[in-house]
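Undergrad: Sequence isn't available, so here's the structure alone:
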C-alpha cells in the first residue's frame with residue numbers, strides 16, 4: 001500500500017512538472033509576440049496584424065528588434081518562395097506551435113493564399129485564446145472568412161484551420177489534421193519556429209519522421225538554436241533553463257551539419273541549412289541593410305553576430321519540393337545522404353588561475369593600461385555596481401604580483417562613465433585617455449590625463465591604497481572628431497613622444513579610416529597623410545607596436561564585414577614637422593580568419609591575437625600567434641565553456657604577463673534577450689603551449 005501511494009505521488013509530481021513546463025513553453029509565445037510587435041512598430045518589418053494580438057505594445061532594445069527582424073525575414077523568405085513556386089496549385093501550410101503568429105493574416109491580405117489551406121496547431125490553451133481574439137476582431141475575422149465556424153479550442157474555415165493539439169501526441173495530431181481535410185499528396189510546407197526544440201529528442205523526431213512519411217511533396221522548415229558550447233551558447237541555455245523551457249534538442253543536434261543529418265536520418269531527401277549571419281549577408285539586399293541601419297543607432301555588433309550564429313534556418317525537402325532548395329538557399333550547398341566530417345581539433349589552451357584578481361569589478365567595453373611595478377589600471381565600461389548593471393565610473397588597480405584588485409578613489413571629482421575608449425601609458429603612473437562614448441548618441445572627443453597616486457598610510461602594516469586625479473588636456477591643431485571603438489598607440493618619432501589614433505566610428509559614420517597624431521610635447525593634433533597600402537576604414541580592431549611600428553589587425557569594416565588583415569604603419573618624419581604614415585600589409589599565409597572586438601600583443605617577432613568575434617565561423621576565435629617575419633601562424637582554441645561559468649572573450653582587455661601567461665580582464669556583452677553576461681573576474685590563460 002505504501003509503495004503504491006509513493007508511486008502515485010511520484011506520478012503526480014511528474015505530471016505537475018510537465019504541466020509547469022507546458023505553461024512555461026506557452027509563455028515563450030507571449031514574450032515572442034511582444035518582441036515581434038516592437039520590431040514592426042519601428043518599421044523593421046511590415047506586418048499590420050501582429051499588434052492585434054498584443055494587449056500592451058512595448059518597445060524593445062535595438063538588439064532584440066534586429067534579432068526578430070532577421071527571424072521574420074528568414075521565415076517570410078521561405079514562405080513566399082514556396083508559395084511563388086506553387087502559384088496556381090493547391091498547397092498546404094502547417095504551422096506547428098504557431099502561437100499568436102500573424103503570418104496567415106499578412107499573407108492573406110497580400111493575396112498570396114488564394115490556393116492555400118493554412119493550418120495552425122498549438123496547445124489547446126493557446127489556440128483557445130487566439131480564437132477568442134479573432135472572433136472579437138472584425139479585420140481578422142473577415143480574413144478568416146465569413147463561413148468560419150467555432151470548434152473546440154479553435155476556429156476553422158475552408159482556408160484557415162486553427163487547431164488545439166499537443167504536438168507530442170502526433171497520432172492525435174494526425175487524426176485532427178485529417179479530420180480537417182489535410183491531404184498527403186498536396187505540396188505542403190511545415191513550419192517549426194522555435195518549437196520542436198522544447199519537445200525533447202524522441203517527441204520532436206517522431207513529428208519529423210511522421211511528416212516525412214505522411215506527405216509526398218513537402219518541405220519541413222525549422223528555425224531554432226544551435227552551437228551550445230561556447231560562452232554565448234552557455235548563456236543562451238541557462239536563460240531558457242531558468243525560464244523553465246530548456247532547449248531539449250540542442251546537445252544532440254549542436255551544429256548545422258548535425259541538424260541536416262537529423263532530417264536525412266528521418267526520411268527527408270535533401271536538406272539545406274544556414275545560420276542567420278550568412279542569411280543576412282547573402283540574402284538581405286544592401287539597400288535593405290542600410291534602411292535597417294537608419295532606424296535606430298546601434299552599437300551591439302558582437303551580440304548581434306553571436307545571436308545570428310546561434311540560430312539556424314534548416315529546410316528539409318522531399319518529392320517535388322527538392323527543386324525549391326536552390327531557390328530558398330541560393331549558393332548554399334545541399335546536404336544529401338553522406339557521412340558528416342567532425343570538427344577539426346585545434347590545439348587547446350587551458351585556464352591557469354581562475355581566481356586571479358579578487359575584488360575586480362565585472363565589466364566590458366572598458367580600457368586598461370600597464371603602469372610601473374606590474375600594476376594595471378582599468379576603468380570605465382559597462383558592468384556591475386551594487387546590484388545594478390550600469391555604465392561605470394569606477395577605477396581599479398590590479399596588482400599582478402599579489403593577484404589583488406584595489407579600488408582607486410578620486411581626488412576631487414569622479415571620472416565620468418565611458419565605453420569603448422582607449423588608454424595609453426605615457427609614464428610610470430600616468431595614462432592618457434581618448435574618445436569613447438556614454439551612449440551611441442554621445443561620443444567623446446576630449447583627451448584626458450589620469451594619474452595614479454599612492455595614499456600614505458599612518459600604519460605601515462596596512463595595504464597601500466591608491467588615489468587618482470584627472471584633467472581634461474587642452475590641445476591645439478587638427479582635432480580628430482569624437483569617436484569610439486578606435487585604437488591608440490604610443491610611438492616615438494625622432495626621440496619625441498606621440499600618440500597615434502586610427503579608425504573608430506561615430507553616430508553618423510559607421511566606420512572611420514583617418515589617422516591623427518598628437519605630439520605629447522606640445523599637445524598639438526595633426527591629421528596624418530597615409531601612403532602605401534592602408535587598411536580600409538574600420539572599428540573594433542586591435543592595435544599593438546613592434547619595432548616602433550604600429551600594427552592594426554582585424555576590425556569591423558563597412559557593411560559589417562570583419563577583416564582578417566594585418567597592417568603595419570611606419571611613421572616617417574617630413575620637413576616642417578609633418579609626418580607621413582607608410583602602410584604595408586603583412587602577407588599572412590594562409591589568410592587568417594577575420595575577427596573584431598579582440599586584443600593583441602607582441603612578443604619578440606610574434607603577434608598574438610586574443611579572442612574576438614568572427615561571424616563567419618561558428619566557433620569563437622581563440623588565440624592566434626603570427627610570425628611577423630614569415631607570415632606563418634598557428635591557432636589555439638580556448639577551453640570549452642561550462643554552463644556554470646560561461647566565458648566570452650570579446651569586449652575585454654588583456655595583458656601578456658610573460659611568454660607563458662596571458663591575463664584577460666573583463667569581457668562579455670548584452671546577450672540578445674538572454675540578459676547581460678559579464679565574465680567573472682580576470683582570468684589567466686596558460687600559453688606555454690605556444691612556445692613564444
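TA: Thanks, I have the structure now. Here the structure is a predicted model, which is why all the values come from computation and not from measurement.
Undergrad: gap between residue 587 and residue 543?
TA: Counting by Cβ to Cβ, to the nearest Å, the gap from residue 587 to residue 543 is 20 Å. (Each C-beta comes from the backbone N, C-alpha and C, glycine too.)
Undergrad: Have a look at these two and say which one is more surrounded.
TA: A count of neighbours by other Cβ atoms under 10 Å puts residue 543 above the other of residue 587 and residue 543, at 22 against 9.
Undergrad: On the secondary structure side, give me the element for the more buried one.
TA: With elements taken from DSSP states H and E, the one containing residue 543 is strand 542-546.
Undergrad: can you list the residues that contact that strand?
TA: Applying Cβ atoms under 8 Å, 6 or more residues apart in numbering, the contact partners of strand 542-546 are 487-491, 502, 550-555, 568, 598-602, 605, 607, 609, 612, 628.
Undergrad: Just the buried residues of the residues you listed.
TA: Among the contacts of strand 542-546, those buried by neighbour count (16 or more other Cβ atoms under 10 Å) are 487-491, 502, 550-555, 568, 598-602, 607, 609, 612, 628.
Undergrad: residue boundaries of the helices in the chain?
TA: Under the criterion DSSP state H, the chain contains helices at 2-41, 62-85, 103-109, 124-135, 138-144, 170-179, 201-214, 231-243, 256-265, 276-283, 286-293, 301-309, 325-328.
Undergrad: count of neighbours near residue 465?
TA: Using other Cβ under 10 Å: residue 465 sits among 14 other residues.
Undergrad: How about it, nearest residue that isn't a chain neighbour?
TA: Spatial nearest neighbour of residue 465, excluding adjacent residues (Cβ to Cβ, 6 or more residues apart in numbering): residue 455 at 4.5 Å.
Undergrad: pLDDT at the one you found, what is it?
TA: For residue 455, the pLDDT comes out at 83.
Undergrad: For it, grab the count of nearby residues.
TA: Neighbour count for residue 455, taken as other Cβ under 10 Å: 12.
Undergrad: Does it touch residue 469 like I think?
TA: No. Look at residue 455 against residue 469 with Cβ atoms under 8 Å: they stay out of range, at 11.9 Å.
Undergrad: got the phi/psi numbers for residue 187?
TA: Dihedral pair for residue 187: phi -50, psi 130, per degrees, to the nearest 10.
Undergrad: From the chain's centre, how far out is stretch 263-277? Work that out for me.
TA: Centre-to-centre, stretch 263-277 and its host chain are 23 Å apart (Cα atoms, centre = their mean, to the nearest Å).
Undergrad: buried sites along it?
TA: For stretch 263-277, burial by neighbour count (16+ other Cβ under 10 Å) applies to 263-264, 266, 268-277.
Undergrad: How about residue 601: what's its closest non-neighbour residue?
TA: Computed as Cβ to Cβ, 6+ apart, the closest residue to residue 601 that is not its neighbour in sequence is residue 656, at 4.2 Å.
Undergrad: What pairs with the strand holding residue 543, parallel or antiparallel?
TA: Paired with strand 542-546 in the same sheet, following DSSP bridges, are strand 549-553 (antiparallel).
Undergrad: what's in contact with the partner strand?
TA: 487, 489, 491, 500, 502-503, 535, 541-545, 565-571, 598, 600, 602, 607, 609, 628.
Undergrad: Just list the residues touching residue 668, thanks.
TA: Here residue 668 is in contact with 362, 364, 648, 650, 651, 652, 676, 677, 678, 679 (Cβ under 8 Å, 6+ apart).
Undergrad: if we go to 10 Å?
TA: Listed by Cβ atoms under 10 Å, 6 or more residues apart in numbering, the contact partners of residue 668 are 231-232, 235, 302-303, 362-365, 381-383, 646-652, 676-680.
Undergrad: Please apply the same query to residue 307.
TA: Shown in contact with residue 307 (Cβ under 10 Å, 6+ apart): 63-64, 66-67, 70-71, 225, 232, 236, 275-277, 300, 671-674.
Undergrad: overlap in contacts of residue 455 and residue 469?
TA: Counting by Cβ under 10 Å, 6+ apart, the common neighbours of residue 455 and residue 469 are residue 411.
Undergrad: and the residue lying closest to residue 454 once chain neighbours are set aside, what pLDDT?
TA: Spatially, and ignoring its direct neighbours in sequence, residue 454 is nearest to residue 464 (5.4 Å; Cβ to Cβ, 6+ apart). If you check residue 464, the pLDDT there is 71.
Undergrad: Show me just the buried residues among the contacts of residue 668.
TA: Counted by 16+ other Cβ under 10 Å, those give 231-232, 235, 302-303, 362-365, 381-383, 646-652, 676-679 as buried.
Undergrad: Could you measure from the closest residue to residue 398 other than its chain neighbours over to residue 668?
TA: The shortest distance from residue 398 to any non-neighbouring residue, by Cβ to Cβ, 6+ apart, is to residue 376 (4.4 Å). Separation of residue 376 from residue 668 (Cβ to Cβ): 18 Å.
Undergrad: repeat for residue 146
TA: Following Cβ to Cβ, the distance that separates residue 146 from residue 668 is 54 Å.
Undergrad: Strands along the stretch 351-500 of the chain, start to end?
TA: Along the stretch 351-500 of the chain, counting by DSSP state E, counting those that start in this stretch, strands occupy 363-364, 367-371, 375-379, 382-385, 388-391, 395-399, 404-410, 422-425, 430-434, 447-455, 465-473, 476-477, 487-493, 496-502.
Undergrad: for those, which one sits closest to residue 57?
TA: Minimum separation from residue 57 across the strands of the stretch 351-500 of the chain (Cβ to Cβ) falls at strand 388-391, 24.6 Å.
Undergrad: Sheet-wise, list the partners of that closest one with their directions.
TA: As defined by DSSP bridges, the strand partners of strand 388-391 come to strand 382-385 (antiparallel).
Undergrad: Show me the contact partners of the strand it pairs with.
TA: Residues outside strand 382-385 that contact it (Cβ under 10 Å, 6+ apart): 360-366, 389-394, 417, 419-420, 651, 666, 668-670, 676, 678-679.
Undergrad: show me the contacts for residue 689.
TA: 347, 348, 349, 350, 623, 625, 634, 636, 660.
Undergrad: Mind listing the residues bridging to the closest residue to the first one other than its chain neighbours?
TA: Beyond its immediate neighbours in the sequence, the residue positioned closest to residue 347 (Cβ to Cβ, 6+ apart) is residue 636, lying 5.0 Å away. The partner list for residue 636 in beta bridges (DSSP bridges) reads residue 347, residue 623.
Undergrad: number of nearby residues for residue 636?
TA: The burial count for residue 636: 17, using other Cβ under 10 Å.
Undergrad: Likewise for residue 645?
TA: So residue 645, with other Cβ under 10 Å, has 13 neighbours.
Undergrad: Next: residue 580.
TA: Neighbours of residue 580 under the rule other Cβ under 10 Å: 15.
Undergrad: All set, thanks.
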